[in-house]
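Participant: how would this look folded up:
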Amino acid sequence: MAAVIIFFRTYNGKPKPFPNADEITAALNEYDSEAGAEVVLDRLKLGERLIFVPFVSSEGDYGMGFLKWEKRKWRVARVDMSGRPEVRVTDHSDPSSRYVVWNINPIEKVEEFRFYLIRDRNAGMSDRANYYIPRVQMEEPVNVTEHPYGAMAFPEDWAGIMREDDKLNKETENHVMDIIFSHSYSRPSRLYVGYVPVYAKDAPPLRSSSKSGDEDTEFMNIMNETDLDFVQSQGTTEAD
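Facilitator: Reported below is the predicted structural model:
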């Protein structure tokens, strides 16, 4: 009997069809009374159990809602009112399950987002052997004029670099003696995702915004051109 009770409490079942626009706006406003969600722009599926909902509020703000299938029901997991790009994770064990999502207000006049996966170069010693970690820079441009909101699945080459990096760091962590006899321990490489927004010449000054996330949110760095290497033509993978 106890096993049956536990099963029904934890079993999510197959997700039901997406809620309609009215149901979603009601759910978003119930979750966050300041959201003021009024117009649902789209309902985008991220994996089997997550919906990305770009919306416009009654105040003209462009926000993002996330509905997750939990306990046999579509429930609001988070609301973000900035609309600025971020990474949404649907499966923490699989790098290819990540999505870059955004919903930009047209008055900001963003023409393009250049999304980057960056691994900084590094060198050191592990298990009495020197190592060198080459820099990786991968770019994925998105035309924001054509796609003011969207969800970009992580490219497979990005996911491959993340798997490689995770394996590398785990191998280094297994050298316990290195950690014991060193004053401090740091991961041999740093991998992160960032973006460069490209604005129209007559774009207004950038508005300030803030974000708060949850366990499935990974924030993105806003980068400058000086943070990037352009050894080859823009848009290529750079590793040295």
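Participant: Every contact and neighbour count from this point should use C-alpha atoms.
Facilitator: Noted.
Participant: for the one helix or strand Val53 maps to, the distance to its chain's centre please.
Facilitator: If you go by DSSP states H and E, Val53 is part of strand 50-57. Here strand 50-57 shows a centroid-to-chain-centroid distance of 15 Å under the convention C-alpha atoms, centre = their mean, to the nearest Å.
Participant: That one - what's its average pLDDT?
Facilitator: Averaged across strand 50-57, the pLDDT comes to 98.
Participant: What is it packed up against?
Facilitator: If contacts are counted by 3 or more C-alpha pairs under 8 Å, 6 or more residues apart in numbering; DSSP states H and E, strand 50-57 sits against strand 37-40, strand 44-45, strand 62-70, strand 98-103.
Participant: where's the spatially most central residue of the chain relative to Tyr99, distance?
Facilitator: Centroid-nearest residue in the chain: Val87, 0.5 Å away (criterion: C-alpha atoms, centre = their mean). Distance of Val87 to Tyr99, computed by C-alpha to C-alpha, to the nearest Å: 5 Å.
Participant: longest single helix anywhere in the chain?
Facilitator: For the chain, the longest helix by residue count, based on DSSP state H, is helix 156-173.
Participant: can you pull the contacts of the residue nearest to Ala21 when sequence neighbours are not counted?
Facilitator: Leaving aside its chain neighbours, Ala21 sits nearest to Val40 (5.9 Å; criterion: C-alpha to C-alpha, 6 or more residues apart in numbering). Residues in contact with Val40, defined by C-alpha atoms under 8 Å, 6 or more residues apart in numbering, are Ala21, Ile24, Thr25, Val53, Pro54, Phe55, Val56.
Participant: Poorly predicted segments of this structure, please.
Facilitator: 1-12, 126-127, 171-189, 231-240 (pLDDT under 70).
Participant: just the helices in this structure please.
Facilitator: 2-10, 21-31, 156-173, 176-180.
Participant: so who does the residue nearest to Asp80 when sequence neighbours are not counted touch?
Facilitator: Computed as C-alpha to C-alpha, 6+ apart, the closest residue to Asp80 that is not its neighbour in sequence is Met64, at 5.1 Å. Residues counted as contacts of Met64 (C-alpha under 8 Å, 6+ apart) are Phe52, Val53, Pro54, Phe55, Val79, Asp80, Met81, Ser82, Gly83, Trp102, Asn103.
Participant: Farthest-apart pair in these, please.
Facilitator: Phe52 and Ser82 (14.5 Å; C-alpha to C-alpha).
Participant: What's opposite the closest residue to Asn143 other than its chain neighbours in the beta bridge?
Facilitator: With C-alpha to C-alpha, 6+ apart as the criterion, Asn143 has its nearest non-adjacent residue at 4.7 Å, and that residue is Glu112. Counting by DSSP bridges, Glu112 is bridged to Asn143, Val198.
Participant: likewise Val53?
Facilitator: Applying DSSP bridges, one finds that Val53 bridges with Gly65.
Participant: Any idea how many residues pack against it?
Facilitator: 26 (other C-alpha atoms under 10 Å).
Participant: and if you look at the one 5 residues further on?
Facilitator: Taking other C-alpha under 10 Å as the neighbour definition, Ser58 ends up with a count of 12.
Participant: can you tell me how far it sits from Glu164?
Facilitator: Distance from Ser58 to Glu164, by C-alpha to C-alpha: 45 Å.
Participant: Tell me, how many residues neighbour Asn122?
Facilitator: Quick note: Asn122 (other C-alpha under 10 Å) scores 14 neighbours.
Participant: I'd say it and Asn130 touch.
Facilitator: No - in this structure, Asn122 is not within contact of Asn130 by C-alpha atoms under 8 Å, at 11.0 Å.
Participant: For Met220, see how far away Arg114 is.
Facilitator: 12 Å.
Participant: Mutual contacts of these two, please.
Facilitator: Tyr195.
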